[in-house]
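Quick one, fold the following:
(chains A and B)
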There are 2 protein chains.
Amino acid sequence: MTRTASEALSPADAIRVAVSTVIFTLRRLPGSDAFQVVLPLVRRTRDPHEGQWALPGGWLDATEGLAAAASRTLGETTGLSPSYLEQLYAFGAVDRSPTRVVSIVYWALLRADEITDSTVENVSWFDAASLPSLAFDHNEIVEYALWRLRNKVGYSRIAHGLLADEFTLADLREVYEAILGRRLDPANFRRQVENSGTLIPTDRFRTGSHRPARLYRYNQDVELADRGPLDARD
Amino acid sequence: MTRTASEALSPADAIRVAVSTVIFTLRRLPGSDAFQVVLPLVRRTRDPHEGQWALPGGWLDATEGLAAAASRTLGETTGLSPSYLEQLYAFGAVDRSPTRVVSIVYWALLRADEITDSTVENVSWFDAASLPSLAFDHNEIVEYALWRLRNKVGYSRIAHGLLADEFTLADLREVYEAILGRRLDPANFRRQVENSGTLIPTDRFRTGSHRPARLYRYNQDVELADRGPLDARD
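This is a model prediction of the structure:
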């Protein structure tokens, strides 16, 4: 009995694996105290979706792990190199690309000072709340990442990834407001945060145009909820 | 200029995509009130790892979504068909299999009464806390699923997935004890749960060998923390 070509070629061989990354940071709106959540996108220079904006990414190489591929392709396309990428989700709907592609998506939060604002060709930063129509299902991927971000601020110190090591309660509230997309009552916010035990007041104050505001730092003794046993793995 | 064979074959073509599922339920230990977390495993009938136990799963077909593939392969290997599978993680370490395989892992919690205990060839249920050495990196995958389960009980109603619609506080505490792997103080547990607002007391009581215990149900008005906008998607 001979094997036919279709038997020799398992269906799984027609599926390719890609990686993409969603990198969120906060930017102050011009002339305002308010932050907006922004992310870098790359303009596609080939089909499919030539000319449209897409998440940074590329093909998984057979000899590299998933996180390594996400990190490599992010660096190649944008020049960014976050110290830690977290796996977000695997997207694999049959119709998400003209050919069958499963994309493993990673994400990271960066503080504004971690971003070297070198001009990279075909890369631009976009307000996550008002994106153009992106290539493939990338609008849906960003929506999902935003949803996860909003959920996470409730039960972990994720806002820390967007702040300097020391910050005022107003800084922290503005991060939450940018992520949640709504204003929070300052007095309620202060009470909740102080009761949570996750912040340590320092002896330092920020002075400036307003009255001095105490600087806080996160309590490093409290475990982050989301880093698990897979921390350094794929 | 002609393309060489190595240029025509992108490295990504050497990577295959598989799906696996971790299905947790609780069983009472014989002659005890205590629960243990158990999961179904399938004995491998071919290389690699012939004869070893592995998670239910199989290859992703080019024409089906990720969750559909997980559901299909779970049904084919174990006969189980949970109403909802949640994506757990994509495992893609280079050395996890003799060939390069990225496994998208799904998981579900089932109540004991959702499991039809038909005898399926090469399938057996194992105590998650004392597994044998499994095929591939499947011990690591189960460890990760258990870690996620322990984290989730703290901030969502995940224990509900393992209980009947109405239950006593002792039932609920025993579910938490099985998942967390330690005893909880009954009085503290009662106070915390009653303060959480997630339970609604009913007018019914369970009677039996002990004194009557009030039955509770979950407050369906409180959103589950973990079902997101991707609920019905891949």
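
Please name every helix or strand in contact with the lengthiest strand in chain A.
Determined from DSSP state E, the single longest strand within chain A is strand A:16-28. Counting contacts by 3 or more CB pairs under 8 Å, 6 or more residues apart in numbering or on different chains; DSSP states H and E, strand A:16-28 is packed against strand A:35-43, strand A:57-59, helix A:66-78, strand A:101-109, helix A:138-155. For glycine as for every other residue, the C-beta is placed from the backbone atoms N, C-alpha and C.

To B:Pro212, which of the ones you listed lies closest?
Closest to B:Pro212 of those, according to CB to CB: helix A:138-155, at 35.8 Å.

Helix or strand next in line after that closest one, which one?
For helix A:138-155, the following helix or strand on the C-terminal side (DSSP states H and E) is helix A:169-180.

In JSON lines: the helices and strands packed on strand A:16-28, plus mean pLDDT.
What follows is those, written out as JSON lines (pLDDT from 0 to 100):
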{"stretch": "strand A:35-43", "mean pLDDT": "93"}
{"stretch": "strand A:57-59", "mean pLDDT": "97"}
{"stretch": "helix A:66-78", "mean pLDDT": "96"}
{"stretch": "strand A:101-109", "mean pLDDT": "96"}
{"stretch": "helix A:138-155", "mean pLDDT": "86"}
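
Determine which stretch of these is the most buried.
strand A:101-109 (a mean of 24; mean count of other CB atoms under 10 Å in any protein chain shown).

residue ranges with poor pLDDT in chain A?
Low-confidence segments of chain A (pLDDT under 70): A:1-13, A:117-118, A:153-158, A:220-234.

Following the record's annotation, map out the domains of it.
A:8-153, A:155-218 (automatic domain parsing).

Of those domains, flag the one that's most buried.
By mean count of other CB under 10 Å, those have domain A:8-153 as the most buried, with a mean of 18.

And it, how far out from the chain middle?
8 Å (CA atoms, centre = their mean, to the nearest Å).

rewinding a little: for the helices and strands packed on strand A:16-28, give me JSON lines that also has distance to B:Gln36.
JSON lines is the format used below for the helices and strands packed on strand A:16-28 (distance: least, CB to CB, whole Å):
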{"stretch": "strand A:35-43", "distance to B:Gln36": "43"}
{"stretch": "strand A:57-59", "distance to B:Gln36": "42"}
{"stretch": "helix A:66-78", "distance to B:Gln36": "32"}
{"stretch": "strand A:101-109", "distance to B:Gln36": "33"}
{"stretch": "helix A:138-155", "distance to B:Gln36": "28"}
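
Now do the contacts for A:Ala170.
When contacts are counted by CB atoms under 8 Å, 6 or more residues apart in numbering or on different chains, A:Ala170 touches A:186, A:213.

distance of it from chain B?
Separation of A:Ala170 from chain B (CB to the nearest CB, to the nearest Å): 27 Å.

Kindly format the C-alpha coordinates of the longest strand of chain A as PDB.
Written as PDB, here are the backbone C-alpha positions of strand A:16-28 (Å, rounded to 0.1, in the frame of the first residue of the first chain):
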ATOM      1  CA  ARG A  16       1.900  28.400  10.600                       C
ATOM      2  CA  VAL A  17       2.700  29.900  13.900                       C
ATOM      3  CA  ALA A  18       3.400  33.700  14.300                       C
ATOM      4  CA  VAL A  19       4.000  35.900  17.400                       C
ATOM      5  CA  SER A  20       2.800  39.400  18.000                       C
ATOM      6  CA  THR A  21       3.200  41.800  20.900                       C
ATOM      7  CA  VAL A  22       1.000  44.500  22.500                       C
ATOM      8  CA  ILE A  23       3.200  47.100  24.300                       C
ATOM      9  CA  PHE A  24       1.200  49.600  26.400                       C
ATOM     10  CA  THR A  25       2.500  52.700  27.900                       C
ATOM     11  CA  LEU A  26       1.000  56.000  29.100                       C
ATOM     12  CA  ARG A  27       1.400  59.400  27.500                       C
ATOM     13  CA  ARG A  28       0.200  62.700  28.900                       C
END
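
what lines up beside it in the sheet?
strand A:35-43 (antiparallel), strand A:57-59 (antiparallel), strand A:101-109 (parallel) (DSSP bridges).

What lies in contact with the shortest one?
Read that as strand A:57-59. Under CB under 8 Å, 6+ apart, the answer for strand A:57-59 is A:16-21, A:69-70, A:72-74, A:76-77, A:103, B:10-12.

what's the closest of the domains of chain A to B:Arg44?
For these, proximity to B:Arg44 was assessed by CB to CB; domain A:8-153 is nearest, at 17.6 Å.

As CSV, the domains of chain A with distance to B:Gly58 would be great.
As requested, the domains of chain A are exported to CSV (distance: least, CB to CB, whole Å):
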stretch, distance to B:Gly58
domain A:8-153, 9
domain A:155-218, 35
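
between those, which one is nearest to B:Ala159?
domain A:155-218 (16.5 Å).

starting at the chain centroid, how far to that closest one?
Chain-centre distance of domain A:155-218: 20 Å, with CA atoms, centre = their mean.

circling back: right, so of the domains of chain A, which gets closest to B:Ala93?
Going by CB to CB, the one of the domains of chain A nearest B:Ala93 is domain A:8-153, 5.6 Å.

Can you measure across stretch A:44-57, start residue to end residue?
End-to-end span of stretch A:44-57 (CA to CA, to the nearest Å): 11 Å.

Kindly report the same for stretch A:126-144.
Counting by CA to CA, you get 16 Å between the two ends of stretch A:126-144.

Same question for stretch A:178-198.
Terminal residues of stretch A:178-198 lie 20 Å apart, using CA to CA.

can you tell me if it touches chain B.
No - using CB under 8 Å from any CB of the partner chain, stretch A:178-198 never reaches chain B; the gap is at least 13.4 Å.
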